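>>> Quick check, what structure comes out for this input:
(chains A and B)
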Amino acid sequence: MSAFHLAQMNTARLRAPLEDPSMREFAEGVAVMNELADRSPGFVWRLVGEGGDGTIAAPGDPSRIYTLSVWESPEHLRAYAYQSEHLDYLRRRRDWFHPHGHQAALVLWWIPAGTVPTMRQAVSRLGRLQAAGPAPDAFTFRRLFPPPLPVSAS
Amino acid sequence: MTTEDLRDFEALASLGDPVRRRAYRVVADASGPAGRDEVAEALGVGRTLAAFHLDKLVAAGLLEVSYARRSGKTGPGAGRPAKLYRVAAAEHAVSVPPRAYGTAAELLAEALERAGAEEVLNEVARQHGSRTPAGSRVSEVLSEHGYAPVADGPDRIELRNCPFHRLAEQFPPVICGMSLAMIEGLLGDSAWQARMDAAPGRCCVTLSKK
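You can find the predicted model right below:
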């Protein structure tokens, strides 16, 4: 078991409120995809929102949603995100989300195994990625960084 | 890649021998890891010669080796595990003079993703696919486009190769969506339909009978 796990946060801006008929398939898919994540190999933790659906709206902007989760490794997260039914939802994202333009929308970073990231920490990492590009403390799938070396107990 | 990488030249040069090139093709077209006997039989050569070429392809980095008992037997009396060959994951490209189409593709994909123009790409891909002459056999058309189709029963086709693999790894929703749209164009009004059906180790699209 590695001493570090991979934290992931991504964000999107909805084209319409989740209750809107145009968003029905996405809104229904959220529960299905969360359930798939929960039983995927390497899944560790995800932030569960008030509705229990893992899709967290920003307080100041209800169209801005986030997911925050922890995985044992990038390979586990990749298998869930891109090698499962989840890929078809990603393919259809323009039906439901605005393009993110030049803004970073996904950030990865390492956290000590057994700890849980906060949304505040996640937003800060996304800001770092946006400002300075991929680095060991805020990176992307296209530019992965290895976990920090474990600190020796001696 | 624009620089001359000697390993790429060596890998591709090792395919200059026609028998070895056919050996590579037999392994690439097999539905799973292939053994020496299987390759020897397909080539119509002896087992020793087949093994010689297969091991040259391994040395060149084009094939990978695994070991398995093919009979399903275990324990004493099951015999030695057979040496099996499959296509290596590494990609080799050589361009003379230097060209960097891969970099151009990455930049275009990233720009398209930022702009949110996936539907435009999908329509272009669909039109591109539909230019295939009508009446062509589905498996042949897919093979010609590099998808390496393999039947999974009478009503389902899996695609063992992604012609856009490295780009698809970098931009999965964009490139897999494009690939699906192109395949839909290739299928035209045939008896087959394509859908996104992602799984590890093969193209994210599968086909089923309508």
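>>> State the phi and psi torsions of the residue positioned nearest the centre of chain B.
The centre of chain B sits closest to B:Asn161, judged by C-alpha atoms, centre = their mean, with a distance of 2.9 Å. The phi/psi pair for B:Asn161 (degrees, to the nearest 10) reads phi -130, psi 140.
>>> Now do it against B:Glu91, distance only.
Counting by C-beta to C-beta, to the nearest Å, the gap between B:Asn161 and B:Glu91 amounts to 11 Å. C-beta here means a position set from N, CA and C on the backbone, and glycine is covered the same way.
>>> What of B:Cys204?
Distance, B:Cys204 to B:Glu91, by C-beta to C-beta: 18 Å.
>>> So which of these two has more stuff around it?
B:Cys204 (25 against 11; other C-beta atoms under 10 Å in any protein chain shown).
>>> dump the residue contacts of the more buried one.
A:82-83, A:87, B:162, B:168, B:172, B:176, B:179-180, B:196-198 (C-beta atoms under 8 Å, 6 or more residues apart in numbering or on different chains).
>>> Adding neighbour count, write the residues you listed out as a markdown table.
Formatted as a markdown table, the contacts of B:Cys204 follow (neighbours: other C-beta atoms under 10 Å in any protein chain shown):
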| residue | neighbour count |
| --- | --- |
| A:Tyr82 | 19 |
| A:Gln83 | 17 |
| A:Leu87 | 22 |
| B:Cys162 | 21 |
| B:Ala168 | 21 |
| B:Pro172 | 21 |
| B:Cys176 | 24 |
| B:Ser179 | 26 |
| B:Leu180 | 24 |
| B:Met196 | 19 |
| B:Asp197 | 20 |
| B:Ala198 | 22 |
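>>> Mind checking which of those residues land in strands?
Counting by DSSP state E, the part of the contacts of B:Cys204 found in strands is B:Met196.
>>> what pLDDT does B:Ala89 get?
pLDDT recorded at B:Ala89 is 88.
>>> and it, how many neighbours?
Counted with other C-beta under 10 Å, the burial measure for B:Ala89 works out to 7 neighbours.
>>> Give me the three-state assignment for the closest residue to it other than its chain neighbours.
On the basis of C-beta to C-beta, 6 or more residues apart in numbering or on different chains, the spatially nearest residue to B:Ala89 that is not a chain neighbour turns out to be B:Glu64, at 7.6 Å. Judged by DSSP: H, G, I helix; E, B strand; the rest coil, the three-state class of B:Glu64 is strand.
>>> Report the contact partners of B:Glu64.
The contact partners of B:Glu64, by C-beta under 8 Å, 6+ apart, come to B:58, B:85-89.
>>> Out of these, give me the one that has the most neighbours.
Neighbour counts for the contacts of B:Glu64, by other C-beta under 10 Å, peak at B:Tyr85, which reaches 28 neighbours.
>>> State the distance from that one to A:Thr67.
Computed as C-beta to C-beta, the B:Tyr85 to A:Thr67 distance reads 42 Å.
>>> and A:Met23, that one's in a helix?
Yes - membership of A:Met23 in a helix is supported by three-state DSSP.
>>> residues in chain A within reach of chain B, list them.
Applying the criterion C-beta under 8 Å from any C-beta of the partner chain, the portion of chain A that neighbours chain B consists of A:79, A:81-88, A:90-91, A:93-94, A:98-102, A:141-142.
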